[in-house]
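Novice: test case, fold it:
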Amino acid sequence: MAEATRDRVRAAIQELGFVRNESARRLRQGPSRAAYDRRATTPRPRAFGIVVEDLTNPYASDVARGAELTLNEAGHDALWLSSDHSPDKERRSLELLAEHQAAGVLIVPVGIGPADIDRVRASSGMAVVLIDHAGPDVCSVQVDHVAGGDIAAAHLLSLGRHRLAFVTGAQGPQPCAERGHGAARALAKAGGGKLFTLRQDALSPTEGQAAAHRLLKLSPVPDAVFCANDLLAIGMINELQRLGVRIPDDIAVIGYDDIELASSSAVPLTTIRQPRYAVGEEAAELALAEFAEGESHLHRQVILTPELVIRESA
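Specialist: Residues are numbered from 1 along each chain as shown. Model (predicted):
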C-alpha cells in the first residue's frame, strides 16, 4: 500500500473512531490447531474490563475483586487493567477492551470525559460505569467522600484536637479533594480552626514518611492528622514513632479506606471505612444491567456511605 493511501486510511480511522475487531481478524486467519482440538460447545462468556488507577493499592484491588465476583456469578469474566494515573494508558486500555469486544467497562477515570464515553459506546457498544466519579448520561458508583472527611475531622475535634493537618496527593484526585472539603466543613461547623494541607507526590507509605518530617516543621505543630488514605497514614505513623512522637498522645492520626493492613499496623489505625467490595459489586450490577437492557437502560447514580472505625491511633 502506498504511503499516501496509508495516511488516508489512518485519517479515516481517527475520524470515525474505528477499533479493530480482534475476533474478526482471527476469523480471517482461520482456526488454529488448538481450535480444532477443542470439543467444548458452550460459547465463551463475554468479558468486562475493570480499569483502576493503581492495582497495587489495596483499596483498588478490593473494588476490582468485588466487581469480579459479581461478574463471575453472572457467568462473565473480568479483565483487570491499571491506568497508572495516565490518561494515555487509560485510552489504550479502552481501545484494547473494544478490540477484544468486551461487553462493558467499569472504570475509575483519570482523563476521559462525557465525549469520550459517547465515543466508546458508539464505536464498541460497551456498557460504561464510572467508579468514584459521576457524569451526565452514565451509570456511576461513588462513596460520599465529603461526608467521610467531615466524619474524620469531627472525630478528631471530639478528642480536643484543634490544629488539624490534611495530607493528600499532589494531583488532588477528586475523591481526595472531597475528603479535604469535608474536613474543612467540619472545622467550619465547629466554629473555625486551621486546617493545614500537605500535598505529597503519591498516596503511598513512603510519601507518608516524608510527610511526617514536613509535619514536624510546621509552627505550631498540628496535634492531629487526617490522611487521604490508609497507606499515607501507616507510613506517617511509622515515621513519627521512629522520631519519638507518641501516637496518639502527641499527634492523633486517622486514615481513610480501612484496608486490611489498617487493623494490624504498629498502632492500629483509626480510619474511615469505605464499603470497598460493595463499590465493585454495585458497579458490576450496573454494567450487567446496561449490557442486558441496551438502549432501554436507565442510568443510575449510586452513592454509598462511609463509616468511622475507631482503633488506637485517634
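Novice: low-confidence ranges in this protein?
Specialist: For the chain, the stretches with pLDDT under 70 are 1-45, 172.
Novice: strands of that one, start to end?
Specialist: 47-52, 77-82, 104-107, 127-131, 139-143, 164-169, 195-200, 224-227, 252-257, 270-273, 301-304, 307-309 (DSSP state E).
Novice: tabulate the ones you listed (CSV), appending mean neighbour count.
Specialist: Every C-beta, even on glycine, is put in place using the N, C-alpha and C of the backbone. Shown next, in CSV, are the strands of the chain (neighbours: other CB atoms under 10 Å):
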stretch, mean neighbour count
strand 47-52, 25
strand 77-82, 18
strand 104-107, 28
strand 127-131, 25
strand 139-143, 24
strand 164-169, 25
strand 195-200, 18
strand 224-227, 30
strand 252-257, 29
strand 270-273, 25
strand 301-304, 14
strand 307-309, 15
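Novice: let's have those strands in a markdown table, adding distance to residue 263.
Specialist: Shown next, in a markdown table, are the strands of the chain (distance: least, CB to CB, whole Å):
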| stretch | distance to residue 263 |
| --- | --- |
| strand 47-52 | 23 |
| strand 77-82 | 25 |
| strand 104-107 | 27 |
| strand 127-131 | 24 |
| strand 139-143 | 20 |
| strand 164-169 | 20 |
| strand 195-200 | 23 |
| strand 224-227 | 16 |
| strand 252-257 | 11 |
| strand 270-273 | 9 |
| strand 301-304 | 21 |
| strand 307-309 | 8 |
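Novice: can you say which of those is nearest to residue 240?
Specialist: Go through the strands of the chain one by one with CB to CB and the one that ends up closest to residue 240 is strand 252-257, at 7.6 Å.
Novice: quick one: residues contacting residue 277.
Specialist: Counting by CB atoms under 8 Å, 6 or more residues apart in numbering, residue 277 touches 62-63, 65-66, 69.
Novice: 10 Å - rerun?
Specialist: 62-67, 69-70 (CB atoms under 10 Å, 6 or more residues apart in numbering).
Novice: from residue 141, how far out is the spatially most central residue of the chain?
Specialist: When CA atoms, centre = their mean is applied to the chain, the residue found nearest the centroid is residue 108 (4.8 Å). Distance, residue 108 to residue 141, by CB to CB, to the nearest Å: 10 Å.
Novice: which residues are in contact with each of these two?
Specialist: 63, 130-133, 279, 283.
Novice: now these: which count as buried?
Specialist: 63, 130-133, 279, 283 (16 or more other CB atoms under 10 Å).
Novice: could the residues you listed go into TSV alongside distance to residue 192?
Specialist: Below are these laid out as TSV (distance: CB to CB, whole Å):
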residue	distance to residue 192
63	36
130	35
131	35
132	30
133	31
279	34
283	38
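Novice: looking at the contacts of residue 277, spot the one nearest residue 238.
Specialist: Taking CB to CB as the measure, residue 238 lies nearest residue 62 of those, at 22.1 Å.
Novice: what residues are bridge-paired with the nearest residue to residue 105 once chain neighbours are set aside?
Specialist: Spatial nearest neighbour of residue 105, chain neighbours left out: residue 49 (4.2 Å); criterion: CB to CB, 6 or more residues apart in numbering. Applying DSSP bridges to residue 49 gives these bridge partners: residue 79, residue 105.
Novice: contacts only, for residue 49.
Specialist: Residue 49 neighbours (CB under 10 Å, 6+ apart): 77-81, 93-94, 96-98, 100, 102-107, 126, 128, 287.
Novice: 8 Å instead, please
Specialist: Residues near residue 49 by CB under 8 Å, 6+ apart: 78-79, 81, 93-94, 97, 102, 104-107, 126.
Novice: how far is stretch 123-142 from where the chain is centred?
Specialist: Distance of stretch 123-142 from the chain centroid (CA atoms, centre = their mean, to the nearest Å) equals 13 Å.
Novice: perfect, that will be all.
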